[in-house]
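Visitor: Provided below are the primary sequence and the corresponding predicted coordinates.
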Amino acid sequence: MIPKRQLVLTVDHEIFGNGSGDVRRHVVEPTGRMADICEKFGVSLTVFFEVEEYLAFEREREAIMVAWGYDPTAELRAQAVDLAKRGHDLQLHLHPEWVGSSFIEGRWLLRPERPTVDSLFETQEEVSVYIGERKAVIDGFYEAAGSARRMSAYRCGAFCAQPGRKLLRALAEHGIVIDSSLVKGMVRQDEHVHLDFIGAPVDCRHWRVSEDVAVEDTAGRVTEIPIYSRMGRRVQQLTPRRLMAKFSGNIPKEKQREMVKQLEIGRTPASVLRFLAQRFPIKLDFHNMSSGQMLRWIRNAPPAPEGDLDVIVLIGHSKEHRDDADFERFLAAVAADPALEVVSMSEIAERLRERMTDCCGGP
Ligand SMILES: [Zn+2]
């Protein structure tokens, strides 16, 4: 029997990267809808829960309750525990910009100059303690749900996984076996962010890492499983679905202006054309692509190389979820296809741990 192609449906559970947005509207409510749809098909959603943002809400609870009229920490926690009880998967996601953030006059002021975990601390020991404390938050949700499961996968905020030497070592120390932060072919260089994934292994579905997510180290204790993508041109991203995801009335105006500025499109017709022609990795994102297009990409992906799990990681963001019907169509088509199955990141971690034990005598 040919092993099925395994799909991990990951969703980043967070408000916007500049601190705008609302926890009920952009996180809890859409995630609840996605989880309900997954349950119709008996599959689990893998939720990358943003712990740093959660801890900031906890720290500023009183001021937020005045501004928002409810306690977001309580709602996030209740949802996490409920999802774990229902068999969904909780994993760790961090945007380090929230460390040292403050809530002033109803707005969050973040620290964009520190987008990576490695930039937060000088020593390895500090990073290891930091990751251990954040892991404990997710594990605490599982415990409260009466689940024996523990977190096993990590995703960097905004794909900022470089430099990541201290981070990867800390993940390994805490038995976190998966990082899923890389997008093949992605490059970003700006004032604070320097990432270059062009040199990442091209043909593998996943690879072991130790110092850099884009560099294979067969002795590494963490496996990088990239978010599935294909190289294309920016013009291919101009689909109605993606434009709605980024620019609908659901997205704060301030965030829309910031996105346009970050893209550096320019104002002349020539600069716009140059922008649209840029080569760019297009992610398998169930909030930016139609169900039909996603299925085509998934079915047309080349077979996994020998020795690799045939795993494809999809991404979505709670704040961009709008179309329940299309998400349901996608899951119905996957359920009807004998060559595909949805699995959780925890299941993939389990398979990887078994392999490590087989080949290396222990993780
Ligand atoms: Zn994020």
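Guide: Yep, it's here. Numbering: from 1, shown residues only.
Visitor: alpha carbons only for contacts and neighbour counts from here, please
Guide: Fine.
Visitor: measure Thr239 to Ser181 for me?
Guide: If you measure Thr239 against Ser181 using C-alpha to C-alpha, to the nearest Å, the figure is 24 Å.
Visitor: who has more neighbours, the two?
Guide: Legend: neighbour count by other C-alpha atoms under 10 Å for Thr239 and Ser181, higher for Ser181 (21 against 13).
Visitor: how about the more buried one, phi and psi?
Guide: As for Ser181, its main-chain torsions (degrees, to the nearest 10) stand at phi -120, psi -20.
Visitor: for Thr357, grab the count of nearby residues.
Guide: By other C-alpha under 10 Å, 11 other residues sit near Thr357.
Visitor: I'd like the distance between it and Ile348.
Guide: 14 Å.
Visitor: what's the answer for Gly185, then?
Guide: Distance, Gly185 to Ile348, using C-alpha to C-alpha: 24 Å.
Visitor: distance between the ends of stretch 190-202?
Guide: Length of stretch 190-202, first residue to last, C-alpha to C-alpha: 25 Å.
Visitor: got it, and stretch 167-182?
Guide: Its first and final residues considered, stretch 167-182 spans 14 Å by C-alpha to C-alpha.
Visitor: buried residues, it. List them.
Guide: By 16 or more other C-alpha atoms under 10 Å, the buried positions in stretch 167-182 come out as 167-172, 174-182.
Visitor: how about stretch 122-133?
Guide: Quick answer for stretch 122-133 (16+ other C-alpha under 10 Å): 127-128, 130-131.
Visitor: what residues are up against Glu211?
Guide: Applying C-alpha atoms under 8 Å, 6 or more residues apart in numbering, we find Glu211 in contact with 164-166, 168-169.
Visitor: tabulate these (JSON lines), appending distance to Val193, secondary structure and pLDDT.
Guide: Below are those laid out as JSON lines (distance: C-alpha to C-alpha, whole Å; DSSP: H, G, I helix; E, B strand; the rest coil; pLDDT from 0 to 100):
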{"residue": "Gly164", "distance to Val193": "12", "secondary structure": "coil", "pLDDT": "96"}
{"residue": "Arg165", "distance to Val193": "16", "secondary structure": "helix", "pLDDT": "97"}
{"residue": "Lys166", "distance to Val193": "17", "secondary structure": "helix", "pLDDT": "98"}
{"residue": "Leu168", "distance to Val193": "18", "secondary structure": "helix", "pLDDT": "98"}
{"residue": "Arg169", "distance to Val193": "21", "secondary structure": "helix", "pLDDT": "98"}
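Visitor: I'd like these laid out as TSV, including distance to Ala219.
Guide: Formatted as TSV, the contacts of Glu211 follow (distance: C-alpha to C-alpha, whole Å):
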residue	distance to Ala219
Gly164	17
Arg165	15
Lys166	16
Leu168	13
Arg169	12
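Visitor: now, which of those sits nearest Leu109?
Guide: Proximity of the contacts of Glu211 to Leu109 (C-alpha to C-alpha) peaks at Gly164, which lies at 24.6 Å.
Visitor: so that closest one sits against Val213, correct?
Guide: Yes. Here Gly164 reaches Val213: they are 7.3 Å apart, a contact under C-alpha atoms under 8 Å.
Visitor: looking at those two, which is more packed in?
Guide: For Gly164 versus Val213, neighbours defined as other C-alpha under 10 Å are more numerous around Val213 (28 against 19).
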